[in-house]
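S.K.: starting from these lines, generate the structure:
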Amino acid sequence: MRQFELNLTPRNEHHGSIEPWVYRFETGTLLEELDMRRHVYGLWDKLFGCWKIDTGSHTSHEIIPTWVPLNSRGIWRDPLDIRFENAPKASWLLSPKWRYEANAAFAAYFSNIPQRIRGVVAPLERHQWLALDMIWQVPGFAYFLDEEIFNGSQQYVFACLALSKAETLSRTARRDLTQCIMTSKRTVLLSRLAAIPNSKKTLRLINKLGDRPCRHGTYLGLMNFLNEDPSSKELLHAGTISPSAVALLNGFPSGFVTPNLVRFVLEDPDDCEILCRYDEYEAGSGFRTVINIFPELSPDWQNRIRSSLRSVQSGDMLPDWGERWAQRLTEAIRFPPPPFTATSHLIPLATAKAVRQESQAMQNCVSRMIGRVMAGEIYFYNWDGPEPATVMIEKSPGSSWRFEEAHGFDNQPLQSQTIDYIENVIESALDRKSPTSS
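M.R.: Numbering: from 1, shown residues only. Presented below is the predicted three-dimensional model:
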């Protein structure tokens with residue numbers, strides 16, 4: 001669940017109204033009240049932490065904010081930059097009064113924390129509040145964290161925080177985690193937190209992720225790939241590993257990845273992401289077709305593809321390689337039968353050749369989606385009516401087929417009456433379909 005982040009702007013402030021909010025220090029806390037919301041921030045020299053108060057029941061629970069209050073030098077950021085980074089910086093958006101009061105309150109609040117502590121936690125970005133809490137509970141963690149950052153091994157700490165979902169733990173559990181990070185054998189602790197065996201190779205690889213915290217899925221994905229894919233040894237030769245590269249490598253079908261493909265992804269993850277993601281209107285549809293079909297192929301075909309992929313010499317050659325293999329596979333592999341047979345001007349495109357002919361005749365891009373057809377996700381029909389169209393039906397999560405879209409020549413929109421009629425024909429055909437034809 002996404003942690004609550006401070007939104008200090010009343011709903012009506014855009015219209016110039018003044019809403020009652022309060023920032024005040026009392027009994028060792030900074031109290032923030034906004035409408036019916038109340039937060040209590042404990043001071044560093046008292047009981048550091050943040051508590052959300054239910055004004056109705058007068059109960060409270062501790063939270064770990066995930067918004068980033070400090071800049072890279074450990075100095076508090078302007079509230080507008082903290083809470084509204086993507087908002088227009090127009091003068092009418094937020095009142096000067098709000099910005100003055102919020103900035104004054106939090107500037108005073110963070111001034112109470114030693115600058116050396118703020119400087120140590122600054123690189124932790126969304127983990128800043130969490131790291132402050134850990135240092136407050138275990139003061140020696142400040143020196144430990146400073147040493148990790150100096151030695152370039154802070155990703156170990158980041159991984160422990162992400163894998164343990166430390167911001168959701170109780171106060172006592174966070175203290176115990178802090179002590180474990182400082183004293184436990186690193187591979188043992190990572191193995192326990194990830195529920196995956198880890199070795200010194202894991203530590204070498206996570207340090208290649210750079211100096212910024214990554215998401216839970218990045219660390220888990222890297223560990224999974226290292227444990228399960230024979231081509232993972234290529235990661236050890238990489239200078240750096242980007243989170244997007246880790247996501248791509250884990251997105252390939254099991255058994256598809258080859259050592260050279262790993263190198264291509266590490267060298268240019270952005271280009272490989274364009275090649276792999278589902279956008280039928282961009283280059284690389286053949287490569288995506290091969291990826292989709294691969295899990296359904298026989299071991300013999302899978303071996304042929306891997307052998308051919310190993311001979312590709314650069315990432316720039318992957319689109320052409322994919323187009324050649326997509327053409328070969330869609331002609332050699334049995335095309336899936338249609339969800340329902342021809343009916344009322346709807347003619348199934350029941351071969352790869354028929355889909356390509358439809359794409360050429362109707363001047364659209366359906367031929368780039370053959371991989372999805374062969375993977376059982378979608379199916380195409382030609383609407384042979386007064387207003388010719390290409391029709392796509394899609395399999396829903398419940399494994400039932402439904403009408404998705406229909407377009408005329410060159411993807412021109414159809415009249416609403418035509419679309420409604422096509423949808424009714426499809427629903428009737430699916431209702432009449434016998435169970436054995438699915």
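S.K.: any idea how far residue 403 is from the most far-flung residue of the chain relative to its centre?
M.R.: For the chain, the largest distance from the centre (CA atoms, centre = their mean) belongs to residue 386, which lies 44.2 Å off. Relative to residue 403, residue 386 is positioned 19 Å away (CB to CB, to the nearest Å). Every C-beta, even on glycine, is put in place using the N, C-alpha and C of the backbone.
S.K.: okay, and the helix or strand of this protein with the least pLDDT?
M.R.: Ranking every helix and strand in the chain by mean pLDDT, DSSP states H and E puts helix 79-83 at the bottom, with a mean of 56.
S.K.: any idea which helix or strand comes after it?
M.R.: Tracing the chain past helix 79-83, the next element assigned as helix or strand by DSSP states H and E is helix 96-111.
S.K.: residues of the next helix or strand after that next one that come out buried?
M.R.: Next in sequence after helix 96-111, counting helices and strands by DSSP H and E, comes helix 115-121. Buried residues in helix 115-121, counted by 16 or more other CB atoms under 10 Å: 117, 118, 119, 120, 121.
S.K.: in a markdown table, list those along with pLDDT and distance to residue 77.
M.R.: As requested, the buried residues of helix 115-121 are exported to a markdown table (pLDDT from 0 to 100; distance: CB to CB, whole Å):
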| residue | pLDDT | distance to residue 77 |
| --- | --- | --- |
| 117 | 95 | 17 |
| 118 | 93 | 12 |
| 119 | 93 | 14 |
| 120 | 95 | 17 |
| 121 | 95 | 14 |
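S.K.: so can I have a markdown table of those showing distance to residue 333?
M.R.: Below are these laid out as a markdown table (distance: CB to CB, whole Å):
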| residue | distance to residue 333 |
| --- | --- |
| 117 | 62 |
| 118 | 61 |
| 119 | 60 |
| 120 | 58 |
| 121 | 55 |
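S.K.: any stretches of this structure with poor pLDDT?
M.R.: Under the criterion pLDDT under 70, the flagged ranges of the chain are 1-21, 35, 78-99, 275, 277-284, 433-438.
S.K.: quick one, strands of the stretch 201-350 of the chain?
M.R.: 346-348 (DSSP state E, counting those that start in this stretch).
S.K.: what's the spacing between stretch 199-219 and its chain's center?
M.R.: Stretch 199-219 sits 17 Å away from the centroid of its parent chain (CA atoms, centre = their mean, to the nearest Å).
S.K.: could you pull out the buried residues of it?
M.R.: 201, 202, 203, 205, 206, 207, 208, 209, 213, 214, 218, 219.
S.K.: and stretch 53-66, by the same measure?
M.R.: 53, 63, 64, 65, 66.
S.K.: next, the distance between the ends of it.
M.R.: 18 Å (CA to CA, to the nearest Å).
S.K.: about what we covered before: among the buried residues of stretch 199-219, which ones are in helices?
M.R.: Per DSSP state H, helices hold the following members of these: 201, 202, 203, 205, 206, 218, 219.
S.K.: quick one: which of those is nearest residue 182?
M.R.: Distance to residue 182 across these (CB to CB) is lowest for residue 203, with 15.6 Å.
S.K.: quick one: that closest one and residue 187 touch, right?
M.R.: Yes. Between residue 203 and residue 187 there is a contact under CB atoms under 8 Å: 6.8 Å.
S.K.: any idea which element the residue farthest from the centre of the chain lies in?
M.R.: Using DSSP H and E, no helix or strand contains residue 386.
S.K.: for the one 4 residues further on, same thing?
M.R.: In this assignment (DSSP H and E), residue 390 forms part of strand 389-395.
S.K.: please apply the same query to residue 143.
M.R.: Going by DSSP H and E, residue 143 is in helix 140-151.
S.K.: which residues touch the helix or strand just after that helix?
M.R.: Following helix 140-151 in sequence order, the next helix or strand is helix 154-164 (DSSP H and E). Outside helix 154-164, the residues within contact range by CB atoms under 8 Å, 6 or more residues apart in numbering are 123-124, 127, 130, 145, 148, 166-167, 177, 180-181, 186, 189-190, 193-194, 203, 206-207, 209-211, 213-216, 218-220.
S.K.: just checking, residue 40 is part of a strand?
M.R.: Yes. Judged by DSSP: H, G, I helix; E, B strand; the rest coil, residue 40 forms part of a strand.
S.K.: name the nearest of the buried residues of stretch 53-66 relative to residue 134.
M.R.: For these, the nearest to residue 134 is residue 64 (10.1 Å; CB to CB).
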